[in-house]
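# Quick one: sequence plus predicted model below, questions after.
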Amino acid sequence: MTTTLAVIINIIVMLAIIYGLTLLRKKRTSFTIRVLLALLIGIIFGAALQVIFGATSDVVKVSISWLNVIANGYVRLLRMIVVPLIFVSITGAIINQDSKNLGKIATRIIAVLIITTAISAFIGASVANVFDISAEGLQAGESEIKAGKNLETRLEDFQAKPIQEQLMEIIPTNPFYSLTGQGSNSTLSVVFFAAFVAVAAIGIRKKNPESAETFKKLIKSIQDVVMRMTTMVLRLTPYGVLALMTRMVSTSDFSEILRLLKFVLASYVALILVFIVHLIIIAIFGLNPVTYIKKAISTLMFAFSSRSSAATIPMTIETLSEKMGVSQGVANLSASLGTSIGQNGCAGVYPAMLAVMIAPTVGINPLDPMFLIKLVVITALASFGIAGVGGGATFAALTVLSAMGLPVGLVGLLIAIEPLIDMGRTLVNVSDSIVAGLISGKLVGELDTGVYNSEIE
């Protein structure tokens with residue numbers, strides 16, 4: 001069979017699967033079931049492509065290049081609406097009289113994010129010790145060595161800016177640049193600018209009530225349009241998940257994954273435990289954890305397959321506000337802040353596990369109580385400290401390891417399994433954003449428990 005013919009067959013199979021998912025939608029099969037089914041089929045189809053043709057074959061490369069039209073197209077659509085959604089939603093929430101306590105809400109959201117990150121760091125370090133994970137004896141290949149050198153360079157660039165400057169960069173000198181989604185701190189910059197615009201609009205109510213009311217109506221109209229755009233994009237989720245999972249499974253180097261299988265298993269044990277902690281927190285505040293799973297599952301599965309907390313923002317907001325009964329102000333703030341502050345997977349579990357893994361290589365006992373306490377505190381603080389510069393797991397790892405006096409170059413050893421671990425980390429990150437929104441909404445009385453406990457479609 002020629003490469004061209006094989007690619008054509010693969011494309012036809014994918015189109016047939018997409019058509020099948022479309023038929024399920026017409027038959028009114030629930031959205032959650034369609035997303036989970038797409039995830040499962042994507043895994044099976046991706047595995048079949050790798051087994052039949054090989055991960056590095058031309059057939060897989062060309063097939064995936066066509067599949068990326070769906071995968072990357074869907075992610076780009078989501079990213080397209082992220083900034084407008086954040087801006088109009090937060091501006092509208094502050095202007096709205098029902099959101100006068102937005103400052104209290106923001107404080108509670110950040111508190112939940114930071115506290116859960118500290119818990120996540122402790123869990124990550126504990127699991128790494130239980131699995132007895134160590135970087136000693138691991139052999140680094142050419143790609144790992146190159147990755148390690150790149151990390152050393154990134155650390156130098158990162159340390160060149162003091163934490164004060166990194167936090168100040170949240171204030172945009174050019175808000176229109178931030179509104180394009182450019183820059184490592186664009187999300188928080190948009191949040192800041194939206195809040196600033198809203199406060200200004202509130203400030204002119206007494207002197208110029210007509211202008212204030214006109215602006216409020218304008219924001220409401222734009223918000224209605226943006227929410228409609230969001231709904232249109234979210235309807236494509238099953239197809240996006242299908243393409244993303246097929247790509248991930250068909251191109252993964254499973255020989256490298258097996259080489260570091262112990263770290264992969266330990267990572268997912270830690271991430272599962274963190275997710276269980278999320279459910280326990282929800283239960284403590286009088287909410288049903290099973291209901292949470294049912295209503296958040298499709299959003300969490302997209303986060304898992306896309307590996308992008310930012311791209312998941314529209315789905316996070318929709319889940320909180322439409323499915324769980326959280327007010328728009330709380331939903332938008334928790335979804336936005338959760339992409340940059342206190343990410344449980346990327347800024348909690350991951351750097352803590354790396355620290356425990358690397359510690360023995362420099363003669364440090366990872367079971368030393370003082371080492372563990374210092375690690376948890378630094379990890380929790382770092383998850384907030386890097387809010388202005390973004391960078392996800394890499395910057396979190398760089399910050400924590402350098403603060404602990406550990407070599408960052410060894411992180412390059414994990415480059416082969418990074419995508420696989422990142423899927424679970426992103427799911428936990430998004431779950432934490434949702435939990436922060438739920439708990440904060442409950443504390444300030446902006447959670448409709450009737451909507452939360454209602455049956456999903």
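That came in fine, so what should we check first? Residues are numbered from 1 along each chain as shown.
# I figured A270 hits P351, correct?
No. Here A270 lies out of contact with P351, judged by Cβ atoms under 8 Å, at a distance of 11.8 Å. C-beta here means a position set from N, CA and C on the backbone, and glycine is covered the same way.
# Okay, M315 and A55: tell me how far apart.
29 Å (Cβ to Cβ, to the nearest Å).
# Among those two, which residue is more densely surrounded?
The neighbour count for M315 versus A55, taken as other Cβ atoms under 10 Å, is higher for M315 (25 against 18).
# Contacts only, for H278.
Taking Cβ atoms under 8 Å, 6 or more residues apart in numbering as the contact definition, H278 lies against T116, V428, S431, D432, V435.
# can I get these in a markdown table with secondary structure?
Shown next, in a markdown table, are the contacts of H278 (DSSP: H, G, I helix; E, B strand; the rest coil):
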| residue | secondary structure |
| --- | --- |
| T116 | helix |
| V428 | helix |
| S431 | helix |
| D432 | helix |
| V435 | helix |
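# the strands in the protein, which residues?
Shown for the chain, no strands are assigned by DSSP state E.
# residue closest to the middle of it?
S309 (2.3 Å; Cα atoms, centre = their mean).
# I'd say that one and L427 touch.
No. When contacts are counted by Cβ under 8 Å, S309 is not listed as touching L427 (9.6 Å).
# Now do the shared contacts for those two.
A303.
# where does this protein have low pLDDT?
1, 97-100, 135-167, 181-185, 255-259, 384-392, 394-395, 408-416, 456-457 (pLDDT under 70).
# Just give the nearest non-adjacent residue to K442, would you?
F285 (5.3 Å; Cβ to Cβ, 6 or more residues apart in numbering).
# Kindly apply the preceding question to S334 instead.
G437 (3.3 Å).
# OK, contacts around that neighbour?
Contacts of G437 (Cβ under 8 Å, 6+ apart): I109, T316, L320, M324, V326, V330, A331, L333, S334, A335, G338.
# tell me the contacts of the closest residue to I293 other than its chain neighbours?
Using Cβ to Cβ, 6+ apart and skipping residues adjacent in sequence, the residue nearest I293 is L279, 7.6 Å away. For L279, the contact set (Cβ under 8 Å, 6+ apart) comprises P289, Y292, I293.
# what's the spacing between L234 and I81?
For L234, the distance to I81 - Cβ to Cβ - is 10 Å.
# repeat for T173
25 Å.
# Who has more neighbours out of the two?
The residue with more neighbours, out of T173 and I81, is I81; 19 against 8, by other Cβ under 10 Å.
# That one reaches T231, doesn't it?
No. In this structure I81 lies outside contact range of T231 using Cβ under 8 Å: 10.1 Å.
# so L188 touches A310, yeah?
No. In this structure L188 lies outside contact range of A310 using Cβ under 8 Å: 11.4 Å.
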